[in-house]
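Undergrad: kindly return the folded structure for what I paste below:
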Amino acid sequence: MAVLSYLPHLFYSTALTSLAMHHLFQRKAFEAERAHVAAQLSILDDLRERLGAAGRIPEREYGRLGRLARSHDVWRAREVSAAGAGEQGEESEFGWKEVLLGKRFDSAKSDEWDRKDLDRVRKEVEETSP
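TA: Got it, this is the predicted structure:
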């Protein structure tokens with residue numbers, strides 16, 4: 001009988017802990033996104049200053065800086081994920097189950113992304129090697 005009196009407190013503490021962890025995850029994701037955007041802006045500003053001052057940058061270095069700036073393209077990634085969410089329709093909104101338990105991780109999609117990244121890097125290495 002004593003356990004039943006603590007059941008609401010257990011439920012509330014679990015819900016508050018889940019919400020706090022969700023908020024922490026969102027805050028860390030936002031900080032990481034902000035750092036990516038700051039890095040991209042820094043790379044592009046440096047490239048702009050070097051183009052303005054020197055006028056000529058070696059093609060290899062220009063390509064390297066361009067790829068580096070594109071690798072931090074957070075906005076394009078956000079557009080791609082928004083397009084993917086648009087295909088799902090109403091699934092883009094989340095309910096209390098996802099708030100309390102978190103979003104389900106799709107390992108098949110992650111494996112596909114890893115494979116595509118590996119193929120892209122392999123092609124870049126093959127193109128740059130003599």
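Undergrad: which pLDDT value goes with residue 24?
TA: In the prediction, the pLDDT value recorded for residue 24 is 93.
Undergrad: next SSE after the helix or strand hosting it?
TA: Following DSSP states H and E, one finds residue 24 within helix 2-53. Reading on from helix 2-53 to the C-terminus, the next helix or strand found by DSSP H and E is helix 59-71.
Undergrad: same question for that following helix, mean pLDDT?
TA: Mean predicted confidence for helix 59-71 is 75.
Undergrad: and the contacts of that helix?
TA: 40, 43, 44, 46, 47, 57, 76, 124 (CB atoms under 8 Å, 6 or more residues apart in numbering). Every C-beta, even on glycine, is put in place using the N, C-alpha and C of the backbone.
Undergrad: list the buried residues of that helix.
TA: Along helix 59-71, these residues count as buried under the neighbour rule (16 or more other CB atoms under 10 Å): 65, 69.
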